[in-house]
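Colleague: here is my input; please provide its structure:
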Amino acid sequence: MTALIAALAAVLLSSAALAQSLRQLPDDMVVTTMVARGGASVMLGERQVMLSPAAQVRTAENMIVVPSNLYGSYVVGVKTDFQGMVNRIWILSPQERAALAARKK
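Modeller: So this is what the prediction gives:
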């Protein structure tokens, strides 16, 4: 019984690690800071920008968050659509920020 519990725990831990490592971030995204106040616009760095009507925000756990429910300050990766509006935002985990910083060196 103990072996079964240990095996199950190992599978669950490896699944969580695998899920974290599977997140693919685009190479051409722009990394910046974002301040969100629950509206249709956000502060990216020093600029206030409107979000695309189809904007998608993903948390560090890769869960989708409705932009109107997002409050706070984050380090993010951002992509724009063909009209130049922000349509994809990835809130970066500390591990992703470190990996991106190492990749730039």
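Colleague: for the chain, just list every one of the helices.
Modeller: Ranges of helices within the chain are 2-21, 94-104, based on DSSP state H.
Colleague: what's the single longest strand in the chain?
Modeller: Ordering each strand of the chain by length in residues (DSSP state E) puts strand 47-58 first.
Colleague: helices and strands around that strand, which ones?
Modeller: Here strand 47-58 touches strand 41-44, strand 64-65, strand 86-91, going by 3 or more Cβ pairs under 8 Å, 6 or more residues apart in numbering; DSSP states H and E. From N, CA and C alone the C-beta is placed, and that goes for glycine too.
Colleague: quick one: contacts of it?
Modeller: Residues outside strand 47-58 that contact it (Cβ atoms under 8 Å, 6 or more residues apart in numbering): 40-43, 64-67, 70, 80-81, 83, 85-91.
Colleague: next up, the contacts around the closest residue to Leu70 other than its chain neighbours.
Modeller: Nearest non-adjacent residue to Leu70, counting by Cβ to Cβ, 6 or more residues apart in numbering: Ala36, 4.2 Å away. Ala36 makes contact with Val42, Met43, Pro67, Leu70, Tyr71, Gly72, Tyr74 under the criterion Cβ under 8 Å, 6+ apart.
Colleague: repeat that for Ala60.
Modeller: Residues counted as contacts of Ala60 (Cβ under 8 Å, 6+ apart) are Ile91, Leu92, Ser93, Glu96.
Colleague: same question, Thr33
Modeller: Met43, Leu44, Gly45, Ser73, Tyr74, Val75, Val76.
Colleague: again, but for Ser68
Modeller: By Cβ under 8 Å, 6+ apart, Ser68 lies in contact with Gly38, Gly39, Ala40.
Colleague: turn those into a markdown table, columns for pLDDT and distance to Val31.
Modeller: Formatted as a markdown table, the contacts of Ser68 follow (pLDDT from 0 to 100; distance: Cβ to Cβ, whole Å):
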| residue | pLDDT | distance to Val31 |
| --- | --- | --- |
| Gly38 | 91 | 23 |
| Gly39 | 89 | 22 |
| Ala40 | 91 | 22 |
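Colleague: how close does Gly72 sit to Ala54?
Modeller: Remark: distance between Gly72 and Ala54 (Cβ to Cβ, to the nearest Å) = 22 Å.
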